[in-house]
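Undergrad: Model the structure of this input:
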Amino acid sequence: MIPLVTPLGATVLAFLAATGRLAIFAAEALLACVRPPYHWRQIGRQMIEIGYFSLPVVGLTALFTGMVLALQSYTGFARFNAEGAIANLVVLSMTRELGPVLAGLMVAGRIGAAMAAELGTMRVTEQIDALTTLSTNPMQYLVAPRVIAAVVTMPLLVLVADVIGVMGGWIIANGKLDFNSFSYLQNTISFIQASDVISGLVKAAVFGFLIALLGCYMGYNSDRGAQGVGRATTNAVVTSSILILVFDYLLTEAFFAS
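TA: Sure, this is the predicted structure:
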């Protein structure tokens, strides 16, 4: 019996140890974010990298998601003569769920991988050790700007994604499904509530923190060599994507559970 249980116990202990290391790293990152000095140039560079250069992929994803939502919901609602609810479904789905989640997954694939690869390469080439030698805190110079930029930029990205997604639904409803443009927009504006948008923006900020945290953690603790950097990049994307879905449920439960 013991030989069968031993691998399971080793796996559980390894998982708990990894969780503890991540929690300690997260605490150090948060402390570095609130403790001066602040490297504003690094923060600005990361905000441009995360926000501006992610706009095309996030915008295209949101646009076609809104278009597909309108098209698919029309197919279902037409059976019950409820086509008028398409605008409500599109705006609610985009602001509450699909906008934050899809934007988070796209940014995780693009930015999380880049952060892990960049910091992993710096670890392999001993640039992080050099920063410590020069009396520069790597957490404040490398990790904190990425975390701050991701937390600030992700809600802005999701806000743009919400608008583009709703516009995608309007394009299909107006151009293909023969809806009245004014009525569709009026239904959208009258149905949406501030709490729907705010909940999505809060989710986006949390997702941004997770993406930056996992990308920096995996790269900062990367193994030596090219394989170590590649493994860190893969782990950053996979782990952050899973945590985005887990925290999406937890935040939805916190916001909308009766």
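
Undergrad: what is the mean pLDDT for the helix or strand where residue 57 lies?
TA: For residue 57, the element it lies in under DSSP states H and E is helix 55-77. Mean pLDDT, helix 55-77: 90.

Undergrad: Now do the helices in the stretch 51-200 of the chain.
TA: 55-77, 86-93, 99-107, 113-124, 127-133, 138, 144-175, 181-191, 194-220 (DSSP state H, counting those that start in this stretch).

Undergrad: most packed of the ones you listed?
TA: helix 99-107 (a mean of 25; mean count of other Cβ atoms under 10 Å). Glycine gets a C-beta too; all of them are placed from N, C-alpha and C.

Undergrad: what separates that one from the chain centre, distance-wise?
TA: Put simply, helix 99-107 sits 5 Å off its chain's centre (Cα atoms, centre = their mean, to the nearest Å).

Undergrad: Show me what that helix packs onto, helices and strands only.
TA: If you count contacts as 3 or more Cβ pairs under 8 Å, 6 or more residues apart in numbering; DSSP states H and E, helix 99-107 packs onto helix 55-77, helix 144-175, helix 194-220, helix 226-256.

Undergrad: Quick one: residues contacting residue 147.
TA: Listed by Cβ atoms under 8 Å, 6 or more residues apart in numbering, the contact partners of residue 147 are 29-30, 33, 209, 212-213, 216.

Undergrad: State the distance from it to residue 24.
TA: 15 Å (Cβ to Cβ, to the nearest Å).

Undergrad: just to revisit the earlier point, which one of the helices and strands packed on helix 99-107 lies nearest to residue 111?
TA: Across these, residue 111 has its closest neighbour in helix 194-220 (6.2 Å, Cβ to Cβ).

Undergrad: Next, the angle helix 113-124 makes with that closest one.
TA: Taking axes from the mean of the first three to the mean of the last three Cα atoms, to 10 degrees, one finds helix 194-220 and helix 113-124 inclined to each other by 30 degrees.

Undergrad: what is the orientation angle of helix 194-220 with helix 99-107?
TA: 20 degrees.

Undergrad: Give me the helices and strands touching helix 194-220, please.
TA: Counting by 3+ Cβ pairs under 8 Å, 6+ apart, the packing neighbours recorded for helix 194-220 are helix 2-34, helix 99-107, helix 113-124, helix 144-175, helix 226-256.

Undergrad: Export those helices as a markdown table, with columns for distance to residue 66 and mean pLDDT.
TA: What follows is the helices and strands packed on helix 194-220, written out as a markdown table (distance: least, Cβ to Cβ, whole Å; pLDDT from 0 to 100):
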| stretch | distance to residue 66 | mean pLDDT |
| --- | --- | --- |
| helix 2-34 | 34 | 87 |
| helix 99-107 | 9 | 95 |
| helix 113-124 | 26 | 92 |
| helix 144-175 | 3 | 94 |
| helix 226-256 | 19 | 92 |
